[in-house]
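Asks: this one's sequence-less:
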């Protein structure tokens with residue numbers, strides 16, 4: 001399996017990072033002076049009922065509960081470097097099992113030193129100081145030497161909750177604290193398919209009446225509507241008609257006549273666009289024979305649906 005982009009394969013990596021941190025504080029603690037007898041304090045990840053033998057004091061950092069981190073669900077994978085792209089990097093949420101499993105790890109930190117309460121409380125003091133002064137810890141993933149950053153917080157547990165927890169481990173209750181490590185990602189499988197690049201171009205297709213056209217122009221009406229003139233002037237209503245980029249063609253089925261754009265009232269063979277680009281007024285060219293003619297409008301070279309019909313008596 002290829003090295004993961006995120007997460008760990010083994011939860012014990014996190015436990016070992018906590019043990020290493022507390023061990024460092026144990027060895028460098030100012031509690032130990034020339035007049036203080038230093039006891040042997042073993043720091044272990046074993047359960048409290050499994051480690052109460054051997055040393056003067058046993059400090060247990062026991063992973064007793066795992067829960068899904070609800071804030072990190074559907075976490076998208078980062079792109080594997082190096083990413084060669086001039087466009088912004090994009091993330092996507094991959095399907096299971098290619099999506100990392102986000103977890104919160106709950107640790108029971110407790111010490112045991114038989115009837116030596118001073119030693120027991122000193123060991124807990126060292127552990128509490130170490131975990132308080134390091135709200136963010138870093139663990140090294142052995143597979144590829146990546147560094148995973150994790151957040152460490154003390155959980156506020158009631159005495160009833162702690163009592164039920166101690167009943168579960170079947171050992172007499174001792175001074176203890178619960179810590180949460182988050183968010184720990186279980187490394188997913190390596191994605192075998194590459195991410196699709198972001199779109200570089202956008203194509204718009206002319207469709208039925210009222211559909212967008214290139215440049216945002218559109219014309220309303222049903223297919224092949226019949227236009228009725230007012231004093232020989234026909235009107236097409238729509239939006240996005242741009243002066244200088246709009247053409248009007250009259251087609252009798254055999255030949256096409258392109259009307260000329262006018263800046264004032266259109267004369268025969270001319271059309272004009274109003275100031276807000278929502279209507280076109282035009283007159284048919286002189287000399288046309290009686291019959292029906294199709295009128296086509298184009299904006300930026302894209303023909304707008306539909307074509308209109310005009311009747312010349």
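Replies: Here it is on my side, so go on. Predicted, not measured: the structure shown is a model, and the values here were computed from it.
Asks: Where in the chain is the helix or strand with the lowest mean pLDDT?
Replies: Using mean pLDDT, DSSP states H and E, the weakest-scoring helix or strand in the chain turns out to be strand 218-219, at a mean of 46.
Asks: Can you tell me the strand partners of the following helix or strand past that strand and which way each runs?
Replies: Using DSSP states H and E, the helix or strand that follows strand 218-219 towards the C-terminus is strand 234-239. Applying DSSP bridges, strand 234-239 is found paired with strand 218-219 (antiparallel), strand 279-282 (antiparallel).
Asks: Go ahead and measure how far strand 234-239 is from the middle of the chain.
Replies: Centroid separation for strand 234-239 versus its chain: 44 Å, with C-alpha atoms, centre = their mean, to the nearest Å.
Asks: Could I get the contacting residues of the nearest residue to residue 264 once chain neighbours are set aside?
Replies: Leaving aside its sequence neighbours, residue 264 sits nearest to residue 272 (C-beta to C-beta, 6 or more residues apart in numbering; 6.7 Å). Just so you know, the C-beta spots here come from the backbone N, C-alpha and C atoms, and that holds for glycine as well. Residue 272 makes contact with 261-266, 280-282 under the criterion C-beta atoms under 8 Å, 6 or more residues apart in numbering.
Asks: Can you mark which positions in the strand or helix carrying residue 20 are buried?
Replies: Element membership of residue 20 [criterion: DSSP H and E] is helix 12-28. Within helix 12-28, the residues scored as buried using 16 or more other C-beta atoms under 10 Å are 13-19, 21-23, 25-26.
Asks: contacts for stretch 132-149?
Replies: Looking at what lies outside stretch 132-149 - C-beta under 8 Å, 6+ apart - the contacts are 3-4, 7-10, 13-14, 16-18, 21, 150-154, 181, 184-185.
Asks: Next: stretch 35-54.
Replies: Contacts for stretch 35-54 (C-beta under 8 Å, 6+ apart): 12, 15-16, 18-19, 22-23, 26, 32, 55-64, 108, 110-113, 116, 119, 123, 126, 169-171, 174.
Asks: Of these, grab the buried ones for ChimeraX.
Replies: Listed next is the ChimeraX selection for buried residues among the contacts of stretch 35-54, using 16+ other C-beta under 10 Å:
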select :15,16,18,19,22,23,26,55,56,57,58,59,60,61,62,63,108,110,111,112,113,119,123,126,169,171,174
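Asks: Give me the subset of the contacts of stretch 35-54 that lies in helices.
Replies: Counting by DSSP state H, these place 12, 15-16, 18-19, 22-23, 26, 119, 123, 126, 169 in helices.
Asks: Is it possible to mark the buried ones in the contacts of stretch 132-149?
Replies: Among the contacts of stretch 132-149, the ones that count as buried by 16+ other C-beta under 10 Å are 4, 7-8, 13-14, 16-18, 21, 150, 152, 181, 184-185.
Asks: Adding distance to residue 289 and pLDDT, write these out as CSV.
Replies: CSV is the format used below for the buried ones among the contacts of stretch 132-149 (distance: C-beta to C-beta, whole Å; pLDDT from 0 to 100):
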residue, distance to residue 289, pLDDT
4, 77, 50
7, 79, 63
8, 84, 70
13, 89, 84
14, 89, 87
16, 94, 89
17, 91, 89
18, 94, 92
21, 96, 93
150, 85, 84
152, 90, 89
181, 88, 89
184, 83, 76
185, 78, 75
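Asks: Give me the pLDDT value at residue 175.
Replies: At residue 175, the pLDDT value in this model is 87.
Asks: Many thanks, I have nothing further to ask.
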